[in-house]
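S.K.: Take this sequence and fold it.
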Amino acid sequence: MNITDDLRRNLAFLIEQSHVLPDFCKLAIDYLQKGPNLKIYSAAAQKLQVEPKIIRSSVEALLNFLFECCKNKLSIEDLKETISSLGFPDEHGTVLCDLYTLKSQEISDALINLELKLPEYHNLEWRFEAQIASRSLLHQVIPLITMDLALANTSDSSKLEHVYLQTDPNNLLHLAQELEIALREGRSRHVQSVARIVESKDPS
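M.R.: Okay, here's the model as predicted:
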């Protein structure tokens, strides 16, 4: 497995202070599940007498390292060799092996979700339809909105997929609200932070 110079530099603190590695393993998994915890990083920085940014960069480097291990599907023996080549003592390398064994599936799932290529929004056309009068209708007419949602293929933007939808105003309002919630979650610091880690190690 190829370890970049940047990753080696960011792991240097954990190699020098390998006695804190078990705690940083917990912080890395917490980062993956909930995002960065700046309050804990600040407390750890005071205890270790370093800048908080060193704590955070070390946590992100450890998570980056685990991403690389999962991406390359390292065996335990290969992982041990890689850990040893980085300079971790054998007893603390065991901590990383245990973490890799226990959490590799969760890390792999996160990696797949972040790298999953889904169709992207291209265009939306809509038409408002309503029957304004009829002698045969004895109840209130509910207008309908017909939409043509065009999605572009991420690998070939010239290929469009058209999805036709029809709904009433109430359902459309509910759909818009759910989309707003999803967009806010996508812009959350947690999602952006984990995505940034994955993008930083992508050679493309």
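S.K.: What about residue 125? Give its phi and psi, please.
M.R.: The phi and psi values for residue 125, taken as degrees, to the nearest 10, are phi -120, psi 140.
S.K.: Spatially, what comes nearest to it if we skip its sequence neighbours?
M.R.: Nearest non-adjacent residue to residue 125, counting by C-beta to C-beta, 6 or more residues apart in numbering: residue 148, 4.5 Å away. All C-beta atoms are positioned from the backbone trio N, CA, C, and that covers glycine.
S.K.: Does that neighbour touch residue 160 like I think?
M.R.: No - checked against C-beta atoms under 8 Å, the pair residue 148 and residue 160 is beyond contact range at 10.4 Å.
S.K.: can you pull the alpha-carbon coordinates of the helix or strand where residue 62 lies into CSV?
M.R.: Using DSSP states H and E, residue 62 falls within helix 52-71. The C-alpha coordinates for helix 52-71 follow below in CSV (Å, rounded to 0.1, in the frame of the first residue of the first chain):
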residue,chain,number,x,y,z
PRO,A,52,-5.8,21.6,18.8
LYS,A,53,-5.1,21.5,15.0
ILE,A,54,-2.5,18.8,15.6
ILE,A,55,-5.0,16.6,17.4
ARG,A,56,-7.6,17.0,14.6
SER,A,57,-5.0,16.4,11.8
SER,A,58,-3.8,13.3,13.6
VAL,A,59,-7.4,12.0,14.0
GLU,A,60,-8.1,12.7,10.3
ALA,A,61,-4.8,11.1,9.3
LEU,A,62,-5.6,8.0,11.3
LEU,A,63,-9.0,7.8,9.6
ASN,A,64,-7.4,8.4,6.2
PHE,A,65,-5.0,5.5,6.9
LEU,A,66,-7.9,3.2,7.8
PHE,A,67,-9.7,4.3,4.6
GLU,A,68,-6.6,3.3,2.6
CYS,A,69,-6.3,0.0,4.3
CYS,A,70,-9.9,-0.9,3.6
LYS,A,71,-9.7,0.4,0.0
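S.K.: Next SSE downstream of that helix?
M.R.: The C-terminal neighbour of helix 52-71 among helices and strands, as given by DSSP H and E, is helix 76-86.
S.K.: got a list of contacts for that next one?
M.R.: Contacts to helix 76-86, defined as C-beta atoms under 8 Å, 6 or more residues apart in numbering, come from residues 1, 3, 8, 11, 15, 69, 74, 90, 93, 96-97, 100-101.
S.K.: Which two of those have the greatest separation?
M.R.: 8 and 101 (23.4 Å; C-beta to C-beta).
S.K.: More neighbours: which of those two?
M.R.: Taking neighbours as other C-beta atoms under 10 Å, residue 8 and residue 101 compare with residue 8 leading, 15 against 11.
S.K.: Output the below-cut-off pLDDT ranges for the protein.
M.R.: 111-120, 130-141, 154-157, 186-204 (pLDDT under 70).
S.K.: Need the single longest helix in the chain, by residues.
M.R.: For the chain, the helix with the greatest residue count under DSSP state H is helix 90-115.
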